[in-house]
Each structure stands twice: as structure tokens, then as C-alpha cells.
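A.B. asks: Test case, fold it:
(chains A and B)
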Number of protein chains: 2
Amino acid sequence: MKVELENVKPMDIEKRSFEIITEELGDKKLVPGTELIVKRCIHTSADFDYAENLCFSENAVEKAIAAIKDGACIVTDTHMAESGINKRVLSRYGGEVFCFISDEDVAATAKANGTTRATASMDKAAAMGKKLIFAIGNAPTALVRLYELIEDGKLDPELIIGVPVGFVNVVQSKELIMQADVPYIVARGRKGGSNVAACICNALLYMIDNNRGY
Amino acid sequence: MKVELENVKPMDIEKRSFEIITEELGDKKLVPGTELIVKRCIHTSADFDYAENLCFSENAVEKAIAAIKDGACIVTDTHMAESGINKRVLSRYGGEVFCFISDEDVAATAKANGTTRATASMDKAAAMGKKLIFAIGNAPTALVRLYELIEDGKLDPELIIGVPVGFVNVVQSKELIMQADVPYIVARGRKGGSNVAACICNALLYMIDNNRGY
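C.D. replies: Prediction:
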């Protein structure tokens, strides 16, 4: 088979990708104001399921953007997500990215309490007392703990990006977050991942910049 | 809706996930010896398409494992993949992970040559003269460059993990690699990602360890 490469300049690859995604979405109805987030999730996964499974609480995008502009920090449950978030753009608004999953005190607390390290890392984040966006791409136990902290009045996050991936309590943990009184962006069902968590953060950042908004 | 959480101990979550994946795969035929790689890709994405799209050159897994045991290093095209690879386990066999994508010399070379940084980063890796496994989860241009280097006799990798994701030249770049004279693991089509690239590396590492082999 003869392989024919499409001739696209490096700087135009992302733009061309978004054109293809938009074309293939056709007349699929997306919630107004969420299009760039949905498209970036498809861009990062080549999986059009994200046009169906992404759920947004009312005005979640507007609230998230306001929080970032106001210096909110982002907490993730994996170093992969931490690595994928555009920290240069976030820092322009005063925000930082935190991931406590491999901290020694978190490991010790998790062991003592018989929880996952993800659970313990959420407690550590909540104790910071900062304005926080949570981007959870891996551990449903992190989402469950966030739900408990919110219900107990110990945490009031700006946004929860609830996109853990997998087979054990993943579906349930996302439903819990959608029942809490908190702004959320959730990929309903089993799908998600650290890459999706990072890409939703980046989509929000690029919407503020108003560039890369294809 | 009442949400019911499944009661699974932290240390058993991964095992239970693999049981569910195995159950849902049913009597789907996988290439013998590749099962743990296919299942880990499904585990990392919750996407059963990986039971269909993963292609392995003859004895790719055995060759990769032999190379890792012999101290091969891994080169990735993203810091996310770099971050996701289990470097602690790899280091037991003498290997390291390299990602040159944000190096200043790579940026300068890319600019001078009008290529992507991914292309330039592959040239830098090839010049190391080390025993290398390439894990490409993002940039099809990296795969195209690897194909050219192999065809020109300038590179002889132990394995290419070709799982870039996306819409522009992704499908084609993977077909090129499958036409080259090189051991490969490729996710045919548009799907893949840095998470999938890292997870294939980890699946190989855990197969050597012979633990987490559910």
C-alpha cells in the first residue's frame, strides 16, 4: 500500500485537526459555550464518544474561567495530568498546578487510614485553603473523597473536572459528583483519563486566551 | 438516584479491573503473548477498540522484553508519556527514559528546518547511538521521521511503539512504520495517546516482573 501524507505545515496541524473534528461532528448539537472543550477532548483521544458523555453543570465553563482569571490553582491526581497542563498559561493568572499523589506524608496517611493515596492527596489539597479547581483523571476514590469533603462542608471548589477512567467505581464516583452542590465537568461513564483531565484544563486556558479557539 | 459503591480494597482495584476487562472481552481472540498489553491499553482508556486496533510485528513483545532486560532506553515524544512510564522498574534493568521535545537545541533545529519539534527530537535521539525503544503517543511527524531514519540506515531501534492520536497524518504514519523493517506495536487508525504509549511500556515492564499480570 502506498502511503500518501497530507501536506500540512507544523503550525497548522492543530487547526486542521479541529476542522476535521468540526466537519465530522456535523450537525451534532453541543451545549453552547462548551464546544471548544468537547472538541479538544476528541482531539486528544480521537474518540467521538466525548461528544455524548461530557456533562456540564450550569455555567460551569463561565465559573471556571472566572476562577482561573482570579488566580485559582489546579489540583490533579496524577503526575501525567500535572505534566500535561499548560502551566505557563496558567501562571499568567497567578495559578499553579499541584499533585500530591507521591508525597511521603500522603503515602503515610493512606497507609494508616487504609485508603488510596488519591484519597489522602485530596485531604491534603483541601487543607491548603486555596481557591481550587480539581482535575481528576485517574482515581475514582479521589472523586468520592471530594464528594464527602463537600458534603461535610470542608471544601468548596471552584470546579471539579471528574474524568477518571476505568472499571471499579468510576461510573458511580462521577454520578456522586453530579449530585453534589459544586460546578462540574464530568465524562459520564467509564471513559476519561489523565490526558482528558489535562486537556479540559488546557481548553479552559485557551478559551481565556481566545487563541487556539478553532 | 442512589449511588452504590463497590467495596474493593485499594490494593485490589487494578486486579478487579482486569477481571472485568477479561470478562467483557469474552471469547475475543487476541494474539498469544500480547494479551497483557491489549488489556492494559483497555484499562488505561476504557476503550475496547484496543482489542481490535493493536498490531504487533512478529515476536515484537519477546524482542522488546529482551531489549529492556539488556538495558535499552525509552524515548518518548511527550513529557506526559515520560511522566507515565514506570522509571523505577525500568532502571532495574539499566534503562532510562528520554524526552527531548522541549530542549532548546531541538526547538532551534526545528525552526531552522521548518519541521515539528517532534521531528527534530527524533534526530537528537538517533544521534545518541544507544539501544532504543521509541514510544510515540502524540506526533505522527515523529513516526514519519523514524521511518526515514530507518530507511536511510541511520537508526535501528529495538521497538517502535507507534500510537500517536489524531487526525492529520496519524493513520498514514502508522502504516509507514508497519512497512519498515523494524519491530513494532502500533494502534492502527486514529486512536492512541501519551497515556497509551506509557501504558504499553509499563505493560512490557510488568511482564518482565511477572507481577500485575492478571
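
A.B. asks: Once you drop chain neighbours, what's closest to A:Ser121?
C.D. replies: Setting aside the residues directly before and after it, A:Ser121 is nearest to A:Phe100 in space (CB to CB, 6 or more residues apart in numbering or on different chains), at 4.0 Å. (Glycine included, C-beta is placed from N, CA and C.)

A.B. asks: in chain A, which spans are strands?
C.D. replies: Listed in chain order, the strands of chain A (DSSP state E) span residues A:54-56, A:73-76, A:97-99, A:132-136, A:159-162, A:184-187.

A.B. asks: is any part of the fourth one close to chain B?
C.D. replies: No. Residues of strand A:132-136 contacting chain B under CB under 8 Å from any CB of the partner chain: none, with a closest distance of 13.3 Å.

A.B. asks: Tell me the helices and strands packed up against that strand.
C.D. replies: helix A:60-69, strand A:73-76, helix A:117-126, helix A:140-151, strand A:159-162, helix A:194-209 (3 or more CB pairs under 8 Å, 6 or more residues apart in numbering or on different chains; DSSP states H and E).

A.B. asks: Can I get these in TSV including mean neighbour count and distance to B:Val182?
C.D. replies: Written out in TSV, the entries for the helices and strands packed on strand A:132-136 read as follows (neighbours: other CB atoms under 10 Å in any protein chain shown; distance: least, CB to CB, whole Å):
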stretch	mean neighbour count	distance to B:Val182
helix A:60-69	20	44
strand A:73-76	26	35
helix A:117-126	23	38
helix A:140-151	23	38
strand A:159-162	30	38
helix A:194-209	25	26
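
A.B. asks: In a markdown table, list the ones you listed along with mean pLDDT.
C.D. replies: Written out in a markdown table, the entries for these read as follows (pLDDT from 0 to 100):
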| stretch | mean pLDDT |
| --- | --- |
| helix A:60-69 | 98 |
| strand A:73-76 | 98 |
| helix A:117-126 | 97 |
| helix A:140-151 | 97 |
| strand A:159-162 | 98 |
| helix A:194-209 | 95 |
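
A.B. asks: Turn these into JSON lines, columns for distance to B:Thr78.
C.D. replies: Output for the helices and strands packed on strand A:132-136, formatted as JSON lines (distance: least, CB to CB, whole Å):
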{"stretch": "helix A:60-69", "distance to B:Thr78": "23"}
{"stretch": "strand A:73-76", "distance to B:Thr78": "16"}
{"stretch": "helix A:117-126", "distance to B:Thr78": "23"}
{"stretch": "helix A:140-151", "distance to B:Thr78": "23"}
{"stretch": "strand A:159-162", "distance to B:Thr78": "20"}
{"stretch": "helix A:194-209", "distance to B:Thr78": "10"}
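
A.B. asks: Please convert the strands of chain A to TSV, extending it with distance to A:Arg117.
C.D. replies: Formatted as TSV, the strands of chain A follow (distance: least, CB to CB, whole Å):
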stretch	distance to A:Arg117
strand A:54-56	27
strand A:73-76	13
strand A:97-99	11
strand A:132-136	13
strand A:159-162	18
strand A:184-187	22
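
A.B. asks: quick one, which of the ones you listed is nearest to B:Glu96?
C.D. replies: Comparison of those against B:Glu96 by CB to CB identifies strand A:97-99 as nearest, at 22.1 Å.

A.B. asks: That closest one pairs with which strands, and in what direction?
C.D. replies: Based on DSSP bridges, the pairing partners of strand A:97-99 within the sheet are strand A:73-76 (parallel).

A.B. asks: Show me what the strand it pairs with is in contact with.
C.D. replies: Counting by CB atoms under 8 Å, 6 or more residues apart in numbering or on different chains, strand A:73-76 makes contact with A:82, A:85, A:90, A:95-100, A:122, A:125, A:128, A:130-137, A:194, A:197-198, A:201, all of which sit outside it.
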